[in-house]
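Sequence below, structure please.
(2 chains)
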Protein chains: 2
Amino acid sequence: MFDKIAIIGLGLIGSSIAHAARRGKLAKEIAGFDVSADVRARAAKIGFCDQVYDDLAAAVKNAQLVILATPVGAYKGVAEAIAPHLAKDAILSDVGSVKGAVVRDVGPFVPAGVHFIPAHPIAGTEFSGPEAGFATLFDGRWAIITPLPGADSAAVARLRAFWEGLGSRVDAMEPGHHDLVLAITSHLPHLIAYNIVGTAHDLEAVTEGEVIKYSASGFRDFTRIAASDPIMWRDVFLNNRDAVLQMLDRFNEDLRQLQDAVREGDGEFLFDKFSKNRAIRKAIIEIGQECAAPNFGRDQKKT
Amino acid sequence: MFDKIAIIGLGLIGSSIAHAARRGKLAKEIAGFDVSADVRARAAKIGFCDQVYDDLAAAVKNAQLVILATPVGAYKGVAEAIAPHLAKDAILSDVGSVKGAVVRDVGPFVPAGVHFIPAHPIAGTEFSGPEAGFATLFDGRWAIITPLPGADSAAVARLRAFWEGLGSRVDAMEPGHHDLVLAITSHLPHLIAYNIVGTAHDLEAVTEGEVIKYSASGFRDFTRIAASDPIMWRDVFLNNRDAVLQMLDRFNEDLRQLQDAVREGDGEFLFDKFSKNRAIRKAIIEIGQECAAPNFGRDQKKT
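Coordinates of the predicted model:
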């Protein structure tokens, strides 16, 4: 599909793209770059790239597809550095969890003749680094591409086909709407999870040892996404502020209602709220975006 | 271990106790009762009890161990109904997620010569009903018993041995402290999960279809515990009000700090908060209360 692709940033997502691109035979050469010498060495040892570069210009040279896979806070610097070295007709894309800020930060550096098409795969795990990647990460998950007005339709089609080749289902969306959708489906859940784990950490009435010991009663579910990469998530919140604050306001409003119901002993209100939630999980399972087994199939012990 | 045990309420927990007691050969006769004729019929068909009763007095007659496993809001009525029929020296216990309210509701009805020892297994799934139970639910999980001052030590030891026979590890705790510990490890996580799923449900800017489709980015983790039994959870919040409100105040205070940091673009604060959370998950995994695989091992696809 491509003679050369370049992946900038070799963490969980970058390395998984390399694994999956190789599995799908999507590129003759997979070039990788990471700013960290340690990550480069580890990536080279694993071998998911044909070559790991320590020089951005060399990594992107002649690449027909360049994918930014660093934390989004680093995009601007990377875009500025690679811009003069991008091949004519290359596709420049990314995997960032926010899209408006990416358009803002990367857009101004894109040379004429380069197709800038932001993208975001809705896939991941709580692990980070080049060892965390695997070829099946994107299988059956959605990838959202957010082409800008006037984007070249052939380039958009190629990027779509690339993500399909990685195993994804692909949707297109306007960047601003993407950021609202992800604010509720991803960013707010992460903020809430980080927060409750932090709250549990700081209590005096209950020890951290007790929280750890009895966590199977619900708390442990939150610790998974609260174990996600802190740099990546710092950058998400710095770059999707308005949408996150908007969703957080709604969350707080709803939580105040639940709090009042608990305080006033309003069982009917609580029951009504709690009863509405099974359908949404059922729907998520039915479209293949969640595991149907009890406890996420954690134990596989059900007899 | 016992000639006869009686399980009052044949949902997820009651049926799992029956399965596990049979596996562990802990009772010659396992008697079951449920207030619902439909549940009784389904339980009888599955066959995890030796006999399913439609009469509380008959169910508890001659039982040496009686376990309340209904929603805690029903305990008072059940306790009043069974009290005259409890055998001398019987142990009366339960599985409720709150303990102070159970002491308050059940305590006054306990006849002299009956050993009332509240208990709570820290185990469950998001499924409900007699079909949801399975024999290994308690394996390796903690069960907390909350004996009252002056409790008969031989009876406490028997109940402890019973839970160990079901597969649990057993701790003892004062009822009020139990309610604080569970408020942070279980009740607040459920309230937050119910709330965010509710918030997502009611948005105008993002459709429910979009939330469902892109839920793999974090949201789906919350839908599991938000799919838990609404009657059970209504009763938990009605009966552990003060501890839940206390933990919720702390949560809200912490969330306001995060909200301010997002609003002000304070990346350092966000990074510091996010960085603290990996250790707690690691500790939970190390003590065997959580699955170490990425994404809870949902997919088993990692290559």
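
Going by C-alpha atoms from here, please, whenever you check contacts or count neighbours.
Will do.

what's the spacing between A:K273 and B:F251?
20 Å (C-alpha to C-alpha, to the nearest Å).

er, A:A143 actually
33 Å.

Compare the two and say which is more crowded by neighbours.
A:A143 (24 against 21; other C-alpha atoms under 10 Å in any protein chain shown).

Wait, the more buried one touches A:D171, no?
Yes: taking C-alpha atoms under 8 Å as the definition, A:A143 is a contact partner of A:D171 at 6.3 Å.

Tell me how chain A divides into domains.
Domains of chain A are assigned by automatic domain parsing as A:2-173, A:177-265.

For chain A, which segments count as strands?
Listed in chain order, the strands of chain A (DSSP state E) span A:2-8, A:27-33, A:51-53, A:65-68, A:91-94, A:115-116, A:119-121, A:142-145, A:169-172.

can these go into JSON lines with extra columns for distance to B:E204?
Listed next are the strands of chain A as JSON lines, based on distance: least, C-alpha to C-alpha, whole Å:
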{"stretch": "strand A:2-8", "distance to B:E204": "36"}
{"stretch": "strand A:27-33", "distance to B:E204": "41"}
{"stretch": "strand A:51-53", "distance to B:E204": "45"}
{"stretch": "strand A:65-68", "distance to B:E204": "32"}
{"stretch": "strand A:91-94", "distance to B:E204": "28"}
{"stretch": "strand A:115-116", "distance to B:E204": "30"}
{"stretch": "strand A:119-121", "distance to B:E204": "23"}
{"stretch": "strand A:142-145", "distance to B:E204": "20"}
{"stretch": "strand A:169-172", "distance to B:E204": "20"}
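
can I get those strands in TSV with distance to A:A151 and mean pLDDT?
Formatted as TSV, the strands of chain A follow (distance: least, C-alpha to C-alpha, whole Å; pLDDT from 0 to 100):
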stretch	distance to A:A151	mean pLDDT
strand A:2-8	19	98
strand A:27-33	23	98
strand A:51-53	30	98
strand A:65-68	15	98
strand A:91-94	11	98
strand A:115-116	7	98
strand A:119-121	13	98
strand A:142-145	12	98
strand A:169-172	12	97
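
so which of the ones you listed comes closest to B:L166?
When these are compared by C-alpha to C-alpha, strand A:142-145 sits nearest B:L166, at 42.1 Å.

Give the partner strands of that closest one in its sheet and their orientations.
strand A:119-121 (antiparallel), strand A:169-172 (parallel) (DSSP bridges).

one step back: put together CSV for the domains of chain A, with distance to B:I122 on each row.
Output for these, formatted as CSV (distance: least, C-alpha to C-alpha, whole Å):
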stretch, distance to B:I122
domain A:2-173, 25
domain A:177-265, 5
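
List the residues that contact the nearest residue to A:I82 once chain neighbours are set aside.
Leaving out its chain neighbours, the residue that sits closest to A:I82 by C-alpha to C-alpha, 6 or more residues apart in numbering or on different chains is A:A57, at 5.8 Å. A:A57 makes contact with A:A81, A:I82, A:H85 under the criterion C-alpha atoms under 8 Å, 6 or more residues apart in numbering or on different chains.

Quick check: A:A57 vs chain B, distance?
29 Å (C-alpha to the nearest C-alpha, to the nearest Å).

and the closest residue in space to A:H201 that isn't next to it in sequence, how many neighbours does it have?
Excluding its sequence neighbours, the residue lying closest to A:H201 (C-alpha to C-alpha, 6+ apart) is A:E208, at 5.9 Å. By the criterion of other C-alpha under 10 Å, A:E208 has 14 neighbours.

can you tell me how far A:E208 sits from A:A81?
A:E208 is 45 Å from A:A81, by C-alpha to C-alpha.

for A:K273, same thing?
In this structure, A:K273 and A:A81 are 51 Å apart, going by C-alpha to C-alpha.

Of these two, which one has the most company?
Regarding A:K273 and A:A81, a neighbour count based on other C-alpha under 10 Å identifies A:K273 as having more, with 17 against 14.

Surely the more buried one and B:G198 touch.
Yes: if you go by C-alpha under 8 Å, A:K273 and B:G198 touch, sitting 7.1 Å apart.

which residues in the stretch 51-200 of chain A form helices?
A:56-60, A:75-82, A:100-106, A:153-165, A:175-182, A:188-201 (DSSP state H, counting those that start in this stretch).

Quick check, A:E126 in contact with B:A293.
No: using C-alpha under 8 Å, A:E126 makes no contact with B:A293, being 9.6 Å away.

so does stretch A:10-18 get close to chain B?
No: if you take C-alpha under 8 Å from any C-alpha of the partner chain as the test, stretch A:10-18 misses chain B, and the best it gets is 10.5 Å.

gap between the closest residue in space to A:G288 that isn't next to it in sequence and chain B?
In this structure, A:G288 finds its nearest non-sequential neighbour in A:G140, 7.5 Å apart by C-alpha to C-alpha, 6+ apart. Remark: distance between A:G140 and chain B (C-alpha to the nearest C-alpha) = 11 Å.
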